[in-house]
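1. coordinates for the following, if possible.
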Amino acid sequence: MQYVTLNNGLEMPQLGFGVWQVPDEEAEPAVAKALETGYRSIDTAKVYENEHGVGRAIAKSGVAREDLFITTKVWNSDQGYDATLKAFDASLERLGLDYVDLYLIHWPTPEFDDYVDTYKAMEKLYHDGRVKAIGVCNFNTEHVQRLLDECDVVPVLNQVECHPYLQQNDLKAFCAKHNIFVEAWSPLMTGGEVLQDDVITKIAANHGKTPAQVIIRWHLQSNAIVIPKSVTPSRIEENFNVFDFELSADEMQRISSLDRNQRKGPEPSEMNKR
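-> Numbers count the residues shown, from 1 in each chain. Okay, here's the model as predicted:
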């Protein structure tokens with residue numbers, strides 16, 4: 001496992017396990033398999049409705065709590081100062097934990113204009129020691145800049161859709177300037193279209209690896225944090241088996257040339273679902 005050091009000094013596994021779109025009853029065996037495989041970072045959210053399953057897997061895993069890195073998120077309908085504090089308490093109870101390592105705002109929902117108050121509530125949780133780090137998801141540069149201007153704690157990371165067809169290079173550069181990591185959700189692209197790309201498949205064949213392993217390795221070597229999701233035991237293992245090879249500078253460049261700005265999820269400024 002490789003770790004990165006966040007801007008508050010906290011160490012976080014660079015490769016984690018995501019459970020988006022995993023039903024609660026499937027989350028428990030999937031997370032159990034991930035922990036058995038060697039993952040130590042688990043990424044969930046209130047809106048995924050699987051925090052109970054994640055919590056059960058953690059409780060039964062036998063892995064020491066201090067060796068785990070658990071992320072969850074405040075949903076759009078729970079934004080605002082007081083509502084965020086209540087939502088955090090509810091997430092903590094569902095997870096069966098005393099604290100979480102990372103708490104994130106799931107979307108900025110700029111139409112409602114309450115993400116600054118939400119973040120200030122998260123700053124309180126951070127200062128009270130109930131979370132070890134705070135950050136954001138799906139924030140464009142203007143949303144992050146507003147937090148930098150109006151709040152005290154710099155987000156440790158910005159979790160966004162990112163894959164070879166949507167590389168987010170401008171956002172990555174902005175975040176890097178402010179010592180904010182980019183964390184890739186949907187790192188293999190929803191629908192898997194990029195897994196069939198000739199560039200990816202040829203590089204995979206050269207290394208005796210799968211296209212998914214090559215893409216995860218590309219994320220890691222690009223200094224991104226990455227959280228692939230699967231409920232298939234063999235793929236959970238496959239996605240973790242990426243530390244025994246390295247992409248060359250030429251291979252990295254060939255993958256970087258695939259960027260199409262092809263987004264599968266919502267554009268953050270337009271996502272106002274509650």
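2. all contacts plus neighbour counts: C-alpha atoms, from now on.
-> Noted.
3. give me the element the residue sitting furthest away from the middle of the chain is part of.
-> What lies farthest from the middle of the chain is Asn206; by CA atoms, centre = their mean that is 28.8 Å. With elements taken from DSSP states H and E, the one containing Asn206 is helix 198-207.
4. just list what that helix packs against, helices and strands only.
-> helix 211-221, helix 249-256 (3 or more CA pairs under 8 Å, 6 or more residues apart in numbering; DSSP states H and E).
5. among the ones you listed, which is the most enclosed?
-> helix 211-221 (a mean of 23; mean count of other CA atoms under 10 Å).
6. in terms of secondary structure, what does it contact?
-> The contact analysis (3+ CA pairs under 8 Å, 6+ apart) places helix 211-221 against helix 198-207, strand 225-226, helix 233-240.
7. neighbouring contacts of it?
-> Residues outside helix 211-221 that contact it (CA atoms under 8 Å, 6 or more residues apart in numbering): 14-15, 163-164, 184, 187-188, 195-196, 200-201, 203-204, 225-226, 228, 238-239, 241-243, 246-247, 252, 255.
8. give me the mean pLDDT for stretch 206-217.
-> Per-residue pLDDT over stretch 206-217 has a mean of 98.
9. show the end-to-end separation of it, please.
-> Its first and final residues considered, stretch 206-217 spans 14 Å by CA to CA, to the nearest Å.
10. now that stretch, how far from the chain's geometric center?
-> Distance of stretch 206-217 from its chain centroid, counting by CA atoms, centre = their mean, to the nearest Å, is 20 Å.
11. cool, and stretch 186-203?
-> Centre to centre, stretch against its chain (CA atoms, centre = their mean), the figure for stretch 186-203 is 19 Å.
12. ok, now how distant is Gln167 from Ile255?
-> 10 Å.
13. Asn179 too?
-> In terms of CA to CA, Asn179 sits 24 Å off from Ile255.
14. what of Ala205?
-> 14 Å.
15. give me the number of residues near the residue nearest to Leu95 when sequence neighbours are not counted?
-> Counting by CA to CA, 6 or more residues apart in numbering, Leu95 lies nearest to Gly55, which is 4.2 Å off, once chain neighbours are set aside. Using other CA atoms under 10 Å, Gly55 has 22 other residues around it.
16. list the contacts of Gly55.
-> Gly55 makes contact with Glu28, Arg94, Leu95, Gly96, Leu97, according to CA under 8 Å, 6+ apart.
17. got CSV for those residues, with neighbour count, secondary structure and pLDDT too?
-> Listed next are these as CSV, based on neighbours: other CA atoms under 10 Å; DSSP: H, G, I helix; E, B strand; the rest coil; pLDDT from 0 to 100:
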residue, neighbour count, secondary structure, pLDDT
Glu28, 24, helix, 97
Arg94, 18, helix, 98
Leu95, 24, helix, 98
Gly96, 16, coil, 98
Leu97, 14, coil, 98
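18. just give me the closest of those to Asp113.
-> Arg94 (27.7 Å; CA to CA).
19. how near is Gln168 to Asn158?
-> Going from Gln168 to Asn158 by CA to CA gives 11 Å.
20. what ranges do the helices span in the chain?
-> Along the chain, counting by DSSP state H, helices occupy 24-37, 51-61, 81-95, 115-127, 141-150, 169-177, 198-207, 211-221, 233-240, 249-256.
21. looking at those helices, which is nearest to His106?
-> Taking CA to CA, helix 115-127 is the member of the helices of the chain nearest to His106, at 9.8 Å.
22. kindly export that closest one (C-alpha atoms) in PDB.
-> Below are the C-alpha coordinates for helix 115-127, written out as PDB (Å, rounded to 0.1, in the frame of the first residue of the first chain):
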ATOM      1  CA  TYR A 115     -22.000  25.000   1.100                       C
ATOM      2  CA  VAL A 116     -20.000  27.600   3.000                       C
ATOM      3  CA  ASP A 117     -22.100  27.200   6.100                       C
ATOM      4  CA  THR A 118     -21.900  23.400   5.600                       C
ATOM      5  CA  TYR A 119     -18.100  23.600   5.500                       C
ATOM      6  CA  LYS A 120     -18.000  25.800   8.600                       C
ATOM      7  CA  ALA A 121     -19.900  23.100  10.500                       C
ATOM      8  CA  MET A 122     -17.300  20.600   9.200                       C
ATOM      9  CA  GLU A 123     -14.600  22.900  10.500                       C
ATOM     10  CA  LYS A 124     -16.200  22.600  14.000                       C
ATOM     11  CA  LEU A 125     -16.200  18.800  13.700                       C
ATOM     12  CA  TYR A 126     -12.600  18.900  12.700                       C
ATOM     13  CA  HIS A 127     -11.600  21.200  15.600                       C
END
